[in-house]
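**Q** what follows is a predicted protein model with its sequence.
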Amino acid sequence: MRLVLLGPPGIGKGTQAQNLSEHFGVLKISTGDILREAVREKTPLGKEAKSYMERGALVPDEVVIGIIRDRLKKPDSQKGFLLDGFPRTVPQAEALSKMLLGFGWGLDRVVHFVLDEEILIQRLSGRRSCSTCTAVYHTKYNPPKEENRCDLCGGPLIHREDDHPETIQKRLQVYKTQTQPLVHFYQKLGLLTEIESSGDIPTVFQNVLGFLSKKKV
Ligand code: AMP
């Protein structure tokens, strides 16, 4: 299985990616998680990415394309993967197509999560992430069992710097101008499936599963 998960920040892509990865036992590759880890570890990549991320801007294409290229070369990618947060621009999507062609692979599907913007803003402002294992929660829609503690690893939950109100507006704007054109890009290739995402997490998950089983992905 090779899937791209596409959708604006806050729509629950990360959570659905986690669920799908566990359900199918397939590798999840999240550029956001890789970059956040690099920032935490203060690696050269992290130092380069930090200021873009804090501003809600996109990290330059060549940097994230390099991350994905290195990741896809590792043996565990051979069995398939879910891409969460990549591609995010047309040049990234073109680079991905080329890379996959080089490996002799193709994408099975691009799942596009869609939702009304006001609900998105609410979801982003309540989002909390585990600073240890990156699991995602929401203060209202998906609270942890113990306040501010990750259910999976017990790590402390944080309110991401880029989930604060001014940065949220900026990230939505960046999504509209730079990532939205991918909808057309993948529609033209006949790969796009839209999943309406106003339901709760299990409902959206079942909709995705239902769709993938119909397509026999
Ligand atoms: P995410 O967790 O996917 O919302 O990503 C958090 C931040 O990481 C984004 O706001 C960008 O600054 C950066 N980032 C993640 N993926 C990409 C990508 N494919 N292209 C450029 N920047 C990215």
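**A** Arrived safely.

**Q** now do the contacts for Ser21.
**A** Leu27, Lys28, Leu82 (CB atoms under 8 Å, 6 or more residues apart in numbering). For the C-beta atoms, the positions are set from N, CA and C on the backbone; glycine is no exception.

**Q** which parts of the chain sit against the ligand?
**A** Contact residues, the chain versus the ligand (CB under 6 Å from any ligand atom): 9, 31-32, 35, 52-53, 56-59, 64, 85-86, 88, 92, 162, 171.

**Q** can you give me the strands for the protein?
**A** For the chain, strands defined by DSSP state E occupy the ranges 2-6, 27-30, 81-84, 109-114, 127-130, 136-138, 157-158, 192-196.

**Q** ok now do Ile195, which residues does it touch?
**A** Neighbours of Ile195 in contact, by CB under 8 Å, 6+ apart: Val111, His112, Phe113, Val114, Val204, Asn207, Val208, Phe211.

**Q** any regions of this protein where pLDDT drops low?
**A** Residue ranges of the chain with pLDDT under 70: 215-217.

**Q** closest residue of it to the ligand?
**A** Here the chain gets closest to the ligand at one residue, Gly32, 2.2 Å apart by CB to the nearest ligand atom.

**Q** would you check that my belief about that residue contacting Leu83 is correct?
**A** No: the pair Gly32 and Leu83 does not pass the contact test of CB atoms under 8 Å, sitting 11.2 Å apart.

**Q** what's the burial count for Ala38?
**A** Using other CB atoms under 10 Å, Ala38 is surrounded by 21 other residues.

**Q** residue contacts, the nearest residue to it once chain neighbours are set aside?
**A** Leaving out its chain neighbours, the residue that sits closest to Ala38 by CB to CB, 6 or more residues apart in numbering is Gly46, at 3.5 Å. Neighbour list for Gly46: Leu35, Glu37, Ala38, Val39, Arg40 [criterion: CB under 8 Å, 6+ apart].

**Q** can you give me phi and psi for the closest residue to Leu124 other than its chain neighbours?
**A** Nearest residue to Leu124, sequence neighbours excluded (CB to CB, 6+ apart): Gly10, at 3.5 Å. Phi and psi for Gly10, reported as degrees, to the nearest 10, are phi 90, psi 0.

**Q** for stretch 171-183, buried residues please.
**A** Arg171, Leu172, Val174, Tyr175, Gln178, Thr179, Leu182, Val183 (16 or more other CB atoms under 10 Å).
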